[in-house]
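Chemist: this is the structure alone, sequence omitted:
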């Protein structure tokens with residue numbers, strides 16, 4: 001299966017990997033800026049999000065990404081990952097370091113992270129609301145939790161649309177197939193990595209960002225004082241500038 005995706009522009013490849021409260025539309029605010037700056041930009045929907053249906057057989061997101069890039073003829077790319085997409089980017093970069101020119105991680109999740117009691121309680125509440133059919137309440141919980149104070153009504157509306165779509169797509173199959181776990185050693189990540197955290201994000205993700213800077217061989221951590229968990233939606237133009245600045249500071253190599 002080739003997951004749903006879009007491609008625009010020419011030049012060094014940049015791949016945008018979305019959060020689990022979004023889909024490829026979360027990158028609307030960075031898409032054109034990256035293309036105009038001379039990049040071949042790719043954004044995709046992971047299985048169960050956006051226009052990619054849920055899996056009907058065992059799968060993992062890293063293999064899906066490998067197959068997508070192979071199908072597009074992209075041997076090497078810069079990866080930009082938000083939250084869940086950041087975790088997939090880290091897994092890909094650990095398993096295929098020769099294919100990653102740089103990593104820009106926005107409030108990333110981390111492979112193997114043990115969730116705090118606070119994050120587990122949030123997950124339990126979301127599941128309870130969804131299973132009881134209270135999708136509107138679950139959606140508002142996600143909007144209120146993950147967007148920081150600078151998010152405008154357009155950002156909140158887009159998260160509502162993307163999250164409702166995700167719930168509907170993921171509730172459709174009779175049998176749920178979860179992705180196969182992908183075990184990695186993050187010390188195998190060699191790409192220059194810039195990890196951003198949001199000062200208004202949950203403690204789990206602020207801690208992950210700080211820890212990654214010490215764990216990855218070639219990483220730096222910066223905190224965004226204005227950001228919650230989804231800076232790409234909260235300040236789209238500024239986030240585009242941050243991504244472009246990091247891309248300009250490293251040599252991604254041939255695409």
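Modeler: In hand now; what should we look at? Everything numeric in this text was worked out from a predicted model, so none of it was measured. Numbering: from 1, shown residues only.

Chemist: ranges for the helices of the stretch 101-250 of the chain?
Modeler: When assigned using DSSP state H, counting those that start in this stretch, the helices of the stretch 101-250 of the chain occupy the ranges 117-131, 135-146, 153-171, 203-215, 231-234, 236-249.

Chemist: in TSV, list those helices along with distance to residue 86, mean pLDDT and mean neighbour count.
Modeler: Backbone N, C-alpha and C define where each C-beta goes, glycine included. Compiled in TSV, the helices of the stretch 101-250 of the chain are given as follows (distance: least, CB to CB, whole Å; pLDDT from 0 to 100; neighbours: other CB atoms under 10 Å):
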stretch	distance to residue 86	mean pLDDT	mean neighbour count
helix 117-131	15	97	13
helix 135-146	14	98	18
helix 153-171	17	97	17
helix 203-215	9	96	17
helix 231-234	11	98	27
helix 236-249	13	97	17
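
Chemist: for residue 94, which of those helices is the nearest?
Modeler: Ranking these by their distance to residue 94 (criterion: CB to CB) puts helix 203-215 first, at 11.1 Å.

Chemist: ok, residues contacting the closest one?
Modeler: Here helix 203-215 makes contact (CB atoms under 8 Å, 6 or more residues apart in numbering) with 83, 90, 105, 107-110, 113, 115-116, 118-119, 186-187, 193, 195-199, 219-221, 223, 229.

Chemist: between it and helix 135-146, how many degrees?
Modeler: Using axes from the mean of the first three to the mean of the last three CA atoms, to 10 degrees, the interaxial angle of helix 203-215 with respect to helix 135-146 works out to 50 degrees.

Chemist: quick check: angle from helix 203-215 to helix 117-131?
Modeler: On the basis of the same axes, to 10 degrees, helix 203-215 is oriented at 130 degrees to helix 117-131.

Chemist: quick one: which of the helices of the stretch 101-250 of the chain is nearest residue 25?
Modeler: Proximity to residue 25, assessed across the helices of the stretch 101-250 of the chain by CB to CB, is greatest for helix 153-171 (6.0 Å).

Chemist: elements contacting the closest one?
Modeler: With contacts taken as 3 or more CB pairs under 8 Å, 6 or more residues apart in numbering; DSSP states H and E, helix 153-171 sits against helix 135-146, helix 231-234.

Chemist: return the distance of the shortest one from the chain's centre.
Modeler: Computed by CA atoms, centre = their mean, to the nearest Å, the chain-centroid distance of helix 231-234 equals 12 Å.

Chemist: so what touches that helix?
Modeler: Counting contacts by CB under 8 Å, 6+ apart, the residues outside helix 231-234 that touch it are 22, 26-27, 29-30, 82, 106-107, 147-148, 150-151, 155, 158-159, 196, 198, 224, 226-228, 238-239, 242.

Chemist: can you redo the helices and strands packed on helix 153-171 as TSV with distance to residue 44?
Modeler: Written out in TSV, the entries for the helices and strands packed on helix 153-171 read as follows (distance: least, CB to CB, whole Å):
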stretch	distance to residue 44
helix 135-146	20
helix 231-234	15
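
Chemist: select, out of the ones you listed, the one closest to residue 6.
Modeler: In terms of CB to CB, the element of these nearest to residue 6 is helix 231-234, at 15.7 Å.
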